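Test case, fold it:
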Amino acid sequence: MKLNDLKPNPGAKKVRKRVGHGISAGQGKTAGRGTKGQNSRTGEGGRLYRQGGNLPFFRRLPFVRGKGFTPPYSTEFNEVNLDQLSGLKGSEVSPETLAAAHLLRDPRNPVAILGRGELKAALKVRVHRVTASAKSKIEAAGGTVELIA
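Below you'll find the model as predicted:
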């Protein structure tokens with residue numbers, strides 16, 4: 001087999017229909033678009049969701065702000081998992097050391113330790129919130145947990 005023997009699969013290449021090429025061509029004159037009207041002209045043919053003078057569907061729906069109710073005074077925590085703490089240098093974990101290690105999304109927010117992963121070193125953890133599973137894993141590794149008010 002040579003390069004000049006290669007051919008696309010049968011049916012893979014289709015010749016496009018050339019519309020508007022004389023009355024004997026089968027699709028001449030109006031080129032399959034009918035006569036007159038918005039869809040016979042070139043261009044967009046109306047924008048998306050337009051319903052020809054009717055009130056569009058999305059405007060008939062009730063107005064909703066966002067998704068559900070967001071409490072205005074809720075506290076957003078920086079969530080740090082135990083497997084992220086294993087790479088820290090030193091035995092003390094506090095919001096300052098976590099911020100220095102670039103593990104906090106927003107250093108102004110309080111810190112919560114979550115229980116994903118395992119801990120091998122004994123760490124002294126001083127943060128705002130710790131889950132029960134994280135606390136048990138830290139204490140099992142020989143560390144201590146202190147909550148900041």
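
Please enumerate the helices of this protein.
Remark: helices assigned in the chain by DSSP state H are 57-60, 82-85, 95-100, 132-140.

Which one of those lies nearest to residue 110?
Residue 110 lies closest, by CB to CB, to one member of those: helix 95-100, at 7.7 Å. Backbone N, C-alpha and C define where each C-beta goes, glycine included.

Keeping just the C-alphas, turn the closest one into CSV.
This file holds the C-alpha atoms of helix 95-100, laid out as CSV (Å, rounded to 0.1, in the frame of the first residue of the first chain):
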residue,chain,number,x,y,z
PRO,A,95,-3.3,30.5,61.4
GLU,A,96,0.0,32.4,61.1
THR,A,97,2.0,29.3,60.1
LEU,A,98,-0.7,28.1,57.7
ALA,A,99,-0.8,31.5,56.1
ALA,A,100,3.0,31.5,55.7
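
which parts of it are buried?
Buried residues in helix 95-100, counted by 16 or more other CB atoms under 10 Å: 95, 98.

Might one say that residue 20 is in contact with residue 28?
Yes - under the criterion of CB atoms under 8 Å, residue 20 makes contact with residue 28 at 6.2 Å.

hmm, back to that, the helices of the chain: lowest mean pLDDT?
The stretch with the lowest mean pLDDT among the helices of the chain is helix 57-60, at a mean of 86.

Which secondary structure elements does it sit against?
Helix 57-60 is packed against no helix or strand, with contacts defined by 3 or more CB pairs under 8 Å, 6 or more residues apart in numbering; DSSP states H and E.

where do the strands sit along the chain?
With strands called from DSSP state E, the chain shows them at 78-81, 92-93, 111-114, 124-127, 129-130, 144-147.

right, and residue 131 touches residue 112 too?
Yes - using CB under 8 Å, residue 131 is in contact with residue 112, at 7.4 Å.

ok, residue 28 to residue 8 distance?
30 Å (CB to CB, to the nearest Å).

Residue 121 now?
Where residue 8 is concerned, residue 121 sits at a distance of 62 Å (CB to CB).

Of the two, which one has the most company?
Set residue 121 next to residue 8 and count neighbours by other CB atoms under 10 Å: residue 121 wins out with 12 against 7.

Just confirm that one contacts residue 90, I think it does.
No - here residue 121 lies out of contact with residue 90, judged by CB under 8 Å, at a distance of 9.6 Å.
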